[in-house]
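In: All I have is the shape, not the residue letters:
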(Lines give C-alpha, C1' and ligand atoms only; values in the text may rest on other atoms or scores of the structure.)
Protein backbone atom coordinates (compact mmCIF):
# COMPACT_ATOMS: atom_id res chain seq x y z
CA UNK A 1 0.00 0.00 0.00
CA UNK A 2 1.41 3.42 -0.89
CA UNK A 3 1.83 6.02 1.81
CA UNK A 4 -0.62 8.37 0.07
CA UNK A 5 -3.34 5.71 0.19
CA UNK A 6 -2.36 4.68 3.70
CA UNK A 7 -2.92 8.21 4.93
CA UNK A 8 -6.45 8.55 3.59
CA UNK A 9 -7.84 7.04 6.77
CA UNK A 10 -4.76 7.33 9.03
CA UNK A 11 -5.03 3.70 10.20
CA UNK A 12 -3.42 2.09 13.24
CA UNK A 13 -0.84 0.57 10.89
CA UNK A 14 0.71 4.00 10.36
CA UNK A 15 3.92 4.37 12.37
CA UNK A 16 4.93 8.05 12.34
CA UNK A 17 7.97 7.23 14.48
CA UNK A 18 9.87 5.52 11.65
CA UNK A 19 13.28 7.30 11.80
CA UNK A 20 13.59 7.27 8.02
CA UNK A 21 10.59 9.59 7.75
CA UNK A 22 12.68 12.20 9.57
CA UNK A 23 16.00 11.66 7.79
CA UNK A 24 14.28 11.63 4.39
CA UNK A 25 12.13 14.68 5.15
CA UNK A 26 8.75 13.01 4.60
CA UNK A 27 7.30 13.34 8.10
CA UNK A 28 5.77 16.84 7.98
CA UNK A 29 3.02 16.05 5.43
CA UNK A 30 2.16 13.02 7.54
CA UNK A 31 1.87 15.14 10.67
CA UNK A 32 -0.28 17.64 8.79
CA UNK A 33 -2.70 14.88 7.81
CA UNK A 34 -2.73 13.48 11.34
CA UNK A 35 -3.52 16.89 12.86
CA UNK A 36 -6.48 17.19 10.51
CA UNK A 37 -7.87 13.66 10.70
CA UNK A 38 -6.36 11.82 13.69
CA UNK A 39 -4.77 14.34 16.05
CA UNK A 40 -4.65 11.75 18.85
CA UNK A 41 -3.58 8.63 16.97
CA UNK A 42 -2.96 5.08 18.17
CA UNK A 43 -0.27 2.98 16.53
CA UNK A 44 -1.03 -0.61 17.47
CA UNK A 45 2.31 -2.09 16.49
CA UNK A 46 5.79 -0.66 15.93
CA UNK A 47 9.42 -1.51 16.77
CA UNK A 48 8.83 0.57 19.93
CA UNK A 49 5.61 -1.22 20.87
CA UNK A 50 2.15 0.37 20.70
CA UNK A 51 1.96 4.11 21.36
CA UNK A 52 -0.25 7.17 21.13
CA UNK A 53 0.74 10.19 19.02
CA UNK A 54 -0.31 13.66 20.18
CA UNK A 55 0.07 16.05 17.25
CA UNK A 56 -1.82 19.27 18.03
CA UNK A 57 -0.27 22.12 19.99
CA UNK A 58 -2.86 22.49 22.74
CA UNK A 59 -3.16 18.73 23.30
CA UNK A 60 0.63 18.52 23.61
CA UNK A 61 0.64 21.38 26.11
CA UNK A 62 -2.10 19.66 28.17
CA UNK A 63 -0.10 16.43 28.37
CA UNK A 64 3.23 18.17 29.03
CA UNK A 65 1.85 20.20 31.93
CA UNK A 66 0.06 17.31 33.62
CA UNK A 67 2.86 15.33 35.28
CA UNK A 68 0.39 13.79 37.74
CA UNK A 69 -1.33 11.85 34.94
CA UNK A 70 1.49 11.60 32.39
CA UNK A 71 4.67 10.32 34.01
CA UNK A 72 8.29 10.76 32.94
CA UNK A 73 9.49 8.06 35.34
CA UNK A 74 12.41 5.96 34.06
CA UNK A 75 10.91 2.77 35.49
CA UNK A 76 7.97 3.31 33.11
CA UNK A 77 10.21 4.00 30.10
CA UNK A 78 11.30 7.60 30.50
CA UNK A 79 10.93 10.45 28.02
CA UNK A 80 11.81 8.84 24.67
CA UNK A 81 9.72 6.49 22.56
CA UNK A 82 12.60 3.99 22.61
CA UNK A 83 12.55 2.29 26.02
CA UNK A 84 16.07 0.99 25.41
CA UNK A 85 17.54 4.44 26.09
CA UNK A 86 16.86 4.04 29.82
CA UNK A 87 16.98 0.24 29.92
CA UNK A 88 15.18 -2.00 32.40
CA UNK A 89 15.35 -1.65 36.15
CA UNK A 90 17.23 -4.60 37.59
CA UNK A 91 19.10 -5.30 34.35
CA UNK A 92 22.76 -4.61 33.57
CA UNK A 93 21.77 -1.27 32.04
CA UNK A 94 19.29 1.12 33.62
CA UNK A 95 19.66 4.90 33.90
CA UNK A 96 17.60 7.57 35.57
CA UNK A 97 17.95 11.35 35.41
CA UNK A 98 15.99 14.23 36.83
CA UNK A 99 14.04 14.52 33.57
CA UNK A 100 12.97 10.87 34.03
CA UNK A 101 11.76 11.52 37.56
CA UNK A 102 8.41 12.76 38.84
CA UNK A 103 7.95 14.89 41.97
CA UNK A 104 9.11 14.79 44.70
CA UNK A 105 12.38 13.30 43.37
CA UNK A 106 12.60 15.61 40.39
CA UNK A 107 12.84 19.05 42.02
CA UNK A 108 15.92 18.68 44.26
CA UNK A 109 18.02 17.06 41.53
CA UNK A 110 17.14 19.70 38.95
CA UNK A 111 17.84 22.41 41.53
CA UNK A 112 21.31 20.93 42.10
CA UNK A 113 22.45 22.17 38.68
CA UNK A 114 20.17 25.07 37.79
CA UNK A 115 22.66 27.69 39.07
CA UNK A 116 24.66 27.03 35.91
CA UNK A 117 22.03 28.92 33.88
CA UNK A 118 21.06 31.58 36.44
CA UNK A 119 21.33 35.18 35.13
CA UNK A 120 24.71 35.93 36.82
CA UNK A 121 26.19 32.76 35.34
CA UNK A 122 24.85 33.54 31.86
CA UNK A 123 26.32 37.03 32.06
CA UNK A 124 29.73 35.54 32.86
CA UNK A 125 29.50 33.13 29.92
CA UNK A 126 28.64 35.71 27.26
CA UNK A 127 32.08 37.21 26.77
CA UNK A 128 33.66 33.76 26.56
CA UNK A 129 31.06 32.63 24.01
CA UNK A 130 31.66 35.75 21.93
CA UNK A 131 35.44 35.42 21.94
CA UNK A 132 35.29 31.78 20.90
CA UNK A 133 32.70 32.51 18.21
CA UNK A 134 34.76 35.34 16.76
CA UNK A 135 37.91 33.21 16.68
CA UNK A 136 36.15 30.27 15.05
CA UNK A 137 34.33 32.33 12.41
CA UNK A 138 37.54 34.15 11.49
CA UNK A 139 39.23 30.79 10.90
CA UNK A 140 36.67 29.61 8.32
CA UNK A 141 37.67 29.42 4.62
CA UNK A 142 35.63 32.12 2.88
CA UNK A 143 34.69 31.09 -0.66
CA UNK A 144 35.56 27.42 -0.14
CA UNK A 145 33.22 24.54 0.62
CA UNK A 146 33.24 23.06 4.14
CA UNK A 147 30.89 21.21 6.49
CA UNK A 148 29.00 23.70 8.66
CA UNK A 149 27.82 20.99 11.06
CA UNK A 150 31.31 19.83 11.98
CA UNK A 151 33.28 23.08 11.69
CA UNK A 152 30.78 25.41 13.39
CA UNK A 153 27.73 23.86 15.04
CA UNK A 154 29.46 20.93 16.72
CA UNK A 155 32.61 22.86 17.57
CA UNK A 156 30.86 25.81 19.22
CA UNK A 157 28.48 23.67 21.25
CA UNK A 158 31.19 21.20 22.28
CA UNK A 159 33.44 24.01 23.49
CA UNK A 160 30.54 25.31 25.57
CA UNK A 161 29.86 21.82 26.95
CA UNK A 162 33.49 21.45 27.97
CA UNK A 163 33.20 24.73 29.86
CA UNK A 164 29.94 23.73 31.56
CA UNK A 165 31.51 20.49 32.83
CA UNK A 166 35.03 21.93 33.25
CA UNK A 167 35.99 19.00 31.04
CA UNK A 168 39.52 18.58 29.63
CA UNK A 169 39.32 20.87 26.62
CA UNK A 170 41.57 18.80 24.34
CA UNK A 171 39.22 15.81 24.82
CA UNK A 172 35.98 17.73 24.30
CA UNK A 173 34.91 15.71 21.25
CA UNK A 174 34.30 12.80 23.61
CA UNK A 175 31.26 14.78 24.74
CA UNK A 176 29.99 14.99 21.18
CA UNK A 177 30.42 11.25 20.76
CA UNK A 178 28.64 10.41 24.01
CA UNK A 179 25.77 12.69 23.03
CA UNK A 180 25.40 10.95 19.66
CA UNK A 181 25.63 7.51 21.28
CA UNK A 182 22.96 8.37 23.83
CA UNK A 183 20.27 9.30 21.31
CA UNK A 184 21.13 7.01 18.38
CA UNK A 185 18.88 4.18 17.28
CA UNK A 186 20.38 0.97 18.67
CA UNK A 187 20.91 -0.47 15.17
CA UNK A 188 22.11 2.76 13.57
CA UNK A 189 25.57 3.17 12.01
CA UNK A 190 26.47 5.41 14.96
CA UNK A 191 26.52 2.55 17.47
CA UNK A 192 25.61 -0.63 15.58
CA UNK A 193 23.99 -2.33 18.57
CA UNK A 194 22.61 -1.75 22.03
CA UNK A 195 25.64 -3.55 23.45
CA UNK A 196 27.98 -1.06 21.82
CA UNK A 197 25.89 1.85 23.11
CA UNK A 198 25.99 0.51 26.66
CA UNK A 199 29.75 -0.11 26.52
CA UNK A 200 30.47 3.47 25.45
CA UNK A 201 28.11 4.97 28.01
CA UNK A 202 29.85 3.01 30.75
CA UNK A 203 33.12 4.54 29.52
CA UNK A 204 31.45 7.94 29.93
CA UNK A 205 30.40 7.00 33.46
CA UNK A 206 33.89 5.92 34.49
CA UNK A 207 35.45 9.07 33.08
CA UNK A 208 33.08 11.34 34.98
CA UNK A 209 33.31 9.31 38.19
CA UNK A 210 37.00 10.22 38.28
CA UNK A 211 36.18 13.91 37.80
CA UNK A 212 33.46 13.75 40.45
CA UNK A 213 35.79 12.15 42.99
CA UNK A 214 38.39 14.86 42.38
CA UNK A 215 35.86 17.65 42.96
CA UNK A 216 33.87 16.24 45.85
CA UNK A 217 35.91 18.11 48.47
CA UNK A 218 37.32 20.86 46.29
CA UNK A 219 36.25 24.50 45.89
CA UNK A 220 32.59 25.16 45.05
CA UNK A 221 33.23 26.00 41.40
CA UNK A 222 30.45 26.84 38.98
CA UNK A 223 30.62 23.72 36.83
CA UNK A 224 28.16 20.86 36.49
CA UNK A 225 30.45 18.12 37.81
CA UNK A 226 31.25 20.06 40.96
CA UNK A 227 27.58 20.85 41.49
CA UNK A 228 26.64 17.17 41.16
CA UNK A 229 29.57 16.16 43.40
CA UNK A 230 28.77 18.59 46.21
CA UNK A 231 24.99 19.07 46.28
CA UNK A 232 23.19 17.08 48.99
CA UNK A 233 20.65 15.72 46.49
CA UNK A 234 23.22 14.30 44.05
CA UNK A 235 26.60 13.80 45.73
CA UNK A 236 25.87 10.24 46.88
CA UNK A 237 23.54 9.19 44.06
CA UNK A 238 24.04 5.70 42.59
CA UNK A 239 25.84 5.22 39.30
CA UNK A 240 22.63 4.72 37.31
CA UNK A 241 21.39 8.17 38.37
CA UNK A 242 24.76 9.89 37.92
CA UNK A 243 25.07 8.47 34.40
CA UNK A 244 21.46 9.39 33.66
CA UNK A 245 22.04 13.01 34.67
CA UNK A 246 25.25 13.12 32.64
CA UNK A 247 23.45 11.82 29.54
CA UNK A 248 20.69 14.38 30.02
CA UNK A 249 23.04 17.33 30.50
CA UNK A 250 25.32 16.32 27.63
CA UNK A 251 22.46 15.85 25.16
CA UNK A 252 20.61 18.92 26.42
CA UNK A 253 23.69 21.09 26.04
CA UNK A 254 24.72 19.66 22.70
CA UNK A 255 22.02 18.40 20.35
CA UNK A 256 19.48 21.16 20.77
CA UNK A 257 21.90 24.06 20.25
CA UNK A 258 23.98 22.50 17.51
CA UNK A 259 20.95 21.55 15.42
CA UNK A 260 19.39 24.98 15.88
CA UNK A 261 22.63 26.54 14.66
CA UNK A 262 22.58 24.33 11.57
CA UNK A 263 18.83 24.80 11.21
CA UNK A 264 19.25 28.57 11.00
CA UNK A 265 21.55 28.24 7.99
CA UNK A 266 19.09 25.84 6.38
CA UNK A 267 16.17 28.19 7.07
CA UNK A 268 17.86 31.21 5.53
CA UNK A 269 18.76 29.16 2.45
CA UNK A 270 15.16 28.09 1.98
CA UNK A 271 13.84 31.59 2.73
CA UNK A 272 16.60 34.00 1.62
CA UNK A 273 14.34 37.04 1.85
CA UNK A 274 14.29 36.62 5.62
CA UNK A 275 18.03 37.24 5.82
CA UNK A 276 17.57 40.55 4.02
CA UNK A 277 14.78 41.47 6.47
CA UNK A 278 17.14 40.72 9.35
CA UNK A 279 19.91 42.82 7.84
CA UNK A 280 17.48 45.69 7.35
CA UNK A 281 16.22 45.39 10.93
CA UNK A 282 18.70 43.75 13.34
CA UNK A 283 16.21 44.29 16.17
CA UNK A 284 14.42 41.21 14.79
CA UNK A 285 17.30 38.98 15.91
CA UNK A 286 15.70 37.71 19.12
CA UNK A 287 12.45 36.91 17.35
CA UNK A 288 14.42 35.23 14.56
CA UNK A 289 16.04 32.92 17.10
CA UNK A 290 12.64 31.92 18.50
CA UNK A 291 11.38 31.30 14.99
CA UNK A 292 14.37 29.08 14.16
CA UNK A 293 13.72 27.07 17.33
CA UNK A 294 10.08 26.66 16.26
CA UNK A 295 10.75 25.93 12.59
CA UNK A 296 13.61 23.50 13.24
CA UNK A 297 12.31 21.88 16.48
CA UNK A 298 15.66 20.30 17.45
CA UNK A 299 14.03 17.52 19.50
CA UNK A 300 11.13 16.02 17.57
CA UNK A 301 9.32 14.41 20.49
CA UNK A 302 9.02 13.78 24.19
CA UNK A 303 7.29 10.75 25.64
CA UNK A 304 5.20 10.14 28.77
CA UNK A 305 3.40 7.12 30.26
CA UNK A 306 -0.19 7.40 31.48
CA UNK A 307 -0.53 6.39 35.14
CA UNK A 308 -4.36 6.44 35.12
CA UNK A 309 -7.05 6.13 32.47
CA UNK A 310 -7.59 9.56 30.90
CA UNK A 311 -9.00 11.44 27.92
CA UNK A 312 -6.98 13.44 25.38
CA UNK A 313 -8.72 15.00 22.40
CA UNK A 314 -11.74 12.75 22.82
CA UNK A 315 -9.71 9.53 22.85
CA UNK A 316 -9.44 7.27 25.90
CA UNK A 317 -5.87 6.54 26.93
CA UNK A 318 -5.42 3.66 29.35
CA UNK A 319 -3.13 3.38 32.35
CA UNK A 320 0.29 2.16 31.19
CA UNK A 321 -0.07 3.44 27.62
CA UNK A 322 2.91 5.14 25.97
CA UNK A 323 2.09 8.72 24.94
CA UNK A 324 4.34 10.56 22.46
CA UNK A 325 4.11 14.33 22.16
CA UNK A 326 5.29 15.28 18.68
CA UNK A 327 6.77 18.73 19.24
CA UNK A 328 7.71 18.86 15.55
CA UNK A 329 4.03 18.61 14.68
CA UNK A 330 2.81 20.98 17.40
CA UNK A 331 5.17 23.66 16.10
CA UNK A 332 3.47 23.39 12.70
CA UNK A 333 -0.11 23.43 14.07
CA UNK A 334 -1.98 25.84 11.78
CA UNK A 335 -4.40 26.78 14.56
CA UNK A 336 -1.48 28.36 16.46
CA UNK A 337 1.12 29.08 13.76
CA UNK A 338 -0.58 30.02 10.47
CA UNK A 339 1.45 28.95 7.45
CA UNK A 340 3.65 27.07 9.88
CA UNK A 341 5.96 25.54 7.28
CA UNK A 342 7.16 29.04 6.41
CA UNK A 343 10.15 30.53 8.20
CA UNK A 344 9.02 34.05 9.14
CA UNK A 345 11.28 36.08 11.42
CA UNK A 346 8.45 38.56 12.10
CA UNK A 347 6.04 35.87 13.30
CA UNK A 348 4.25 37.55 16.22
CA UNK A 349 3.99 34.44 18.42
CA UNK A 350 7.32 32.79 17.61
CA UNK A 351 8.15 32.67 21.33
CA UNK A 352 5.16 30.36 21.83
CA UNK A 353 7.26 27.56 20.35
CA UNK A 354 6.70 24.23 22.02
CA UNK A 355 10.31 23.13 21.45
CA UNK A 356 11.43 23.73 25.03
CA UNK A 357 8.47 21.92 26.57
CA UNK A 358 6.08 23.03 29.29
CA UNK A 359 5.63 22.41 32.97
CA UNK A 360 8.21 21.05 35.42
CA UNK A 361 10.44 19.62 32.67
CA UNK A 362 10.73 22.83 30.63
CA UNK A 363 14.24 22.99 29.17
CA UNK A 364 16.80 24.03 31.79
CA UNK A 365 19.28 25.52 29.32
CA UNK A 366 16.97 27.40 26.95
CA UNK A 367 18.36 30.85 27.80
CA UNK A 368 21.94 29.66 27.29
CA UNK A 369 21.00 28.15 23.93
CA UNK A 370 19.37 31.42 22.88
CA UNK A 371 22.47 33.35 23.94
CA UNK A 372 24.75 31.11 21.88
CA UNK A 373 22.51 31.60 18.84
CA UNK A 374 22.30 35.36 19.36
CA UNK A 375 26.07 35.77 19.56
CA UNK A 376 26.61 33.53 16.53
CA UNK A 377 24.31 35.56 14.29
CA UNK A 378 25.51 38.93 15.58
CA UNK A 379 29.00 37.92 14.53
CA UNK A 380 27.90 36.41 11.20
CA UNK A 381 26.03 39.58 10.24
CA UNK A 382 29.18 41.64 10.90
CA UNK A 383 31.26 39.52 8.54
CA UNK A 384 29.50 38.01 5.55
CA UNK A 385 26.77 38.50 3.00
CA UNK A 386 25.36 34.97 3.23
CA UNK A 387 26.14 31.29 3.83
CA UNK A 388 25.15 29.17 0.82
CA UNK A 389 24.33 25.48 1.06
CA UNK A 390 26.26 23.93 -1.82
CA UNK A 391 25.19 20.28 -1.82
CA UNK A 392 22.93 17.67 -0.32
CA UNK A 393 22.17 18.15 3.36
CA UNK A 394 22.40 14.89 5.31
CA UNK A 395 19.94 14.62 8.18
CA UNK A 396 20.24 12.48 11.28
CA UNK A 397 18.25 9.22 11.12
CA UNK A 398 16.34 9.68 14.36
CA UNK A 399 12.78 10.31 15.50
CA UNK A 400 14.11 12.14 18.58
CA UNK A 401 17.00 14.36 17.48
CA UNK A 402 15.72 16.40 14.55
CA UNK A 403 19.08 17.42 13.22
CA UNK A 404 21.84 17.38 10.66
CA UNK A 405 24.78 15.05 10.13
CA UNK A 406 26.38 17.11 7.34
CA UNK A 407 25.73 20.45 5.64
CA UNK A 408 28.16 21.54 2.89
CA UNK A 409 28.29 25.34 2.64
CA UNK A 410 30.25 28.20 1.10
CA UNK A 411 30.57 31.64 2.71
CA UNK A 412 29.93 34.64 0.48
CA UNK A 413 31.78 37.64 1.91
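Out: Here it is on my side, so go on. Nothing here was measured: the structure is a model prediction, and the numbers come from that model. Numbering: from 1, shown residues only.

In: Can you show me the helices along the stretch 51-200 of the chain?
Out: Secondary structure of the stretch 51-200 of the chain (DSSP state H, counting those that start in this stretch): helices at 57-65, 106-113, 119-138, 148, 155-165, 173-183, 194-215.

In: now those in CSV, with distance to residue 390 and mean pLDDT?
Out: To be clear about C-beta, it is placed using only N, CA and C from the backbone, and glycine gets the same treatment. As requested, the helices of the stretch 51-200 of the chain are arranged in CSV below (distance: least, Cβ to Cβ, whole Å; pLDDT from 0 to 100):
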stretch, distance to residue 390, mean pLDDT
helix 57-65, 35, 97
helix 106-113, 40, 90
helix 119-138, 18, 94
helix 148, 10, 98
helix 155-165, 19, 95
helix 173-183, 24, 92
helix 194-215, 33, 93
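
In: who wins for proximity to residue 222 among those?
Out: Nearest to residue 222 among those is helix 119-138 (6.0 Å), distances taken as Cβ to Cβ.

In: now the angle from that closest one to helix 155-165?
Out: Angle of helix 119-138 versus helix 155-165, following axes from the mean of the first three to the mean of the last three Cα atoms, to 10 degrees, is 150 degrees.

In: follow-up on the earlier one: for the helices of the stretch 51-200 of the chain, could you give me CSV that also reports distance to residue 26?
Out: Output for those, formatted as CSV (distance: least, Cβ to Cβ, whole Å):
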stretch, distance to residue 26
helix 57-65, 21
helix 106-113, 36
helix 119-138, 34
helix 148, 23
helix 155-165, 27
helix 173-183, 20
helix 194-215, 26
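
In: Would you mind giving those as JSON lines with mean neighbour count added?
Out: Converted to JSON lines, those look like this (neighbours: other Cβ atoms under 10 Å):
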{"stretch": "helix 57-65", "mean neighbour count": "21"}
{"stretch": "helix 106-113", "mean neighbour count": "19"}
{"stretch": "helix 119-138", "mean neighbour count": "14"}
{"stretch": "helix 148", "mean neighbour count": "23"}
{"stretch": "helix 155-165", "mean neighbour count": "22"}
{"stretch": "helix 173-183", "mean neighbour count": "21"}
{"stretch": "helix 194-215", "mean neighbour count": "16"}
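
In: so which of those comes closest to residue 85?
Out: Among the helices of the stretch 51-200 of the chain, helix 173-183 sits nearest to residue 85 (Cβ to Cβ), with 7.2 Å.

In: For residue 272, grab the count of nearby residues.
Out: 11 (other Cβ atoms under 10 Å).

In: so who does it touch?
Out: Under the criterion of Cβ atoms under 8 Å, 6 or more residues apart in numbering, the neighbours of residue 272 are residue 386.

In: Please apply the same query to the one 3 residues further on.
Out: Counting by Cβ under 8 Å, 6+ apart, residue 275 makes contact with 268, 386.

In: give me the element it is part of.
Out: helix 272-280 (DSSP states H and E).

In: Buried residues in that helix, which are they?
Out: Neighbour-count burial for helix 272-280 flags 274-275, 278 (criterion: 16 or more other Cβ atoms under 10 Å).

In: Can you list the buried residues in the longest helix along the chain?
Out: In the chain, assigned by DSSP state H, the helix with the most residues is helix 239-270. Of all the residues in helix 239-270, those buried under the rule 16+ other Cβ under 10 Å are 240-269.

In: quick one, which of the helices of the stretch 51-200 of the chain is nearest to residue 344?
Out: Nearest of those to residue 344, taken as Cβ to Cβ: helix 57-65 at 16.8 Å.

In: Can you list phi and psi of residue 408 for me?
Out: Reported as degrees, to the nearest 10, the phi and psi values for residue 408 are phi -70, psi 130.

In: wait, what's in contact with it?
Out: Residue 408 neighbours (Cβ under 8 Å, 6+ apart): 145-148, 389-393.

In: Check the residues you listed and tell me the two furthest apart.
Out: Largest separation among those by Cβ to Cβ: 146 and 392, giving 14.9 Å.

In: Which one's more surrounded, these two?
Out: Remark: of residue 146 and residue 392, residue 146 carries more neighbours, 16 against 9, as counted by other Cβ under 10 Å.

In: Show me the beta-bridge partners of the more buried one.
Out: residue 409 (DSSP bridges).

In: Also residue 324?
Out: residue 53, residue 303.

In: Could you shift the numbering so residue one becomes 9, and keep it that way?
Out: Yep, numbering from 9; the last one is residue 332 now.

In: what pLDDT does it get?
Out: If you check residue 332, the pLDDT there is 98.

In: Can you tell me how far it is from residue 198?
Out: Note on residue 332: its distance to residue 198, by Cβ to Cβ, to the nearest Å, is 22 Å.

In: Could you do residue 18 as well?
Out: 31 Å.

In: same deal with residue 271?
Out: 20 Å.

In: Report the contact partners of residue 344.
Out: With contacts defined as Cβ under 8 Å, 6+ apart, the neighbours of residue 344 are 65-66, 338, 357, 360.

In: how about those residues in TSV, adding distance to residue 47?
Out: As requested, the contacts of residue 344 are exported to TSV (distance: Cβ to Cβ, whole Å):
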residue	distance to residue 47
65	10
66	10
338	10
357	20
360	18
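
In: quick one, what contacts residue 419?
Out: Contacts of residue 419 (Cβ under 8 Å, 6+ apart): 148-151, 392, 394-396.

In: So what's the predicted local confidence for residue 9?
Out: Residue 9 carries a pLDDT score of 34 in this model.

In: That should have said residue 84, apologies.
Out: In this prediction, residue 84 carries a pLDDT score of 95.

In: wait, it sits on residue 313?
Out: Yes. Using Cβ atoms under 8 Å, residue 84 makes contact with residue 313 at a distance of 4.0 Å.

In: Next, show the common contact partners of the two.
Out: Common contacts of residue 84 and residue 313 (Cβ under 8 Å, 6+ apart): residue 328.

In: Look at residue 332 and residue 198 and report which has more neighbours.
Out: Neighbour tally, residue 332 and residue 198, criterion other Cβ under 10 Å: the higher count belongs to residue 332, 25 against 20.

In: Go through stretch 319-333 and flag the buried ones.
Out: Going by 16+ other Cβ under 10 Å, stretch 319-333 has these buried residues: 320-321, 325, 329-333.

In: Please apply the same query to stretch 99-115.
Out: 101-110, 114.

In: and of those, the nearest to residue 365?
Out: Within the buried residues of stretch 99-115, the smallest distance to residue 365 is 9.4 Å, found for residue 107 (Cβ to Cβ).
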